[in-house]
Structures are given as structure tokens and as C-alpha cells.
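Participant: Sharing a sequence plus its predicted fold:
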Amino acid sequence: MLSRLALLRAICWCLTVCTLFDSVERVDCYSFAILLWQILQMDTPFEGYTVSMFNKKVVQGGSRPKCDEKWPKAIS
């Protein structure tokens, strides 16, 4: 079973701040980008964050994982 933080990592922050009808495309885009980042980086985004840290830094602060400089420019 996924933890609450694992679900927050996989689901867009905008689900917590937008209406469902307004955010469907944004959720898909964010989820795809996080999944792509995880595959390319072979790491877990926001590793070590607590739920409150995630809410403060990602949901409220807009923090995102950084692209690796070695990735092709077309991706990053």
C-alpha cells in the first residue's frame, strides 16, 4: 500500500489547490513529468520529505526536482 507521501509525490499539487475540472490536464502533465524524472534520474523525487515538508515546499512553495545537466536539452 502506498503511503500518503508516496501518493502526494505521484499526484499533482494542484489537486490540493485547484478544482478537479480545472486541473485534470495539469495533473496528467505533472504526474508524467515526475514519472519521467524518476525514470531518468533513477531516484525518488522528494526523498526524505515528510508530509508537512512536502506541503510547505512543493504544494505551497512550488519546489520541483532539478533536471540533470547530463540530460539532453530536449528533455530538460
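Facilitator: Received it, and whenever you're ready, just let me know what you need.

Participant: just checking, what packs against the longest helix along the chain?
Facilitator: Counting residues, the longest helix in the chain under DSSP state H turns out to be helix 20-41. On a contact count with 3 or more C-beta pairs under 8 Å, 6 or more residues apart in numbering; DSSP states H and E, helix 20-41 meets helix 4-10, helix 14-17. C-beta coordinates here come from the backbone N, C-alpha and C atoms, glycine included.

Participant: Out of these, name the one with the poorest average pLDDT.
Facilitator: Lowest mean pLDDT within the helices and strands packed on helix 20-41: helix 14-17, a mean of 59.

Participant: Would you tell me what the next helix or strand after the longest helix of the chain is?
Facilitator: Tracing the chain past helix 20-41, the next element assigned as helix or strand by DSSP states H and E is helix 51-54.

Participant: Now that following helix: buried residues?
Facilitator: For helix 51-54, the neighbour count (16 or more other C-beta atoms under 10 Å) marks residue 54 as buried.
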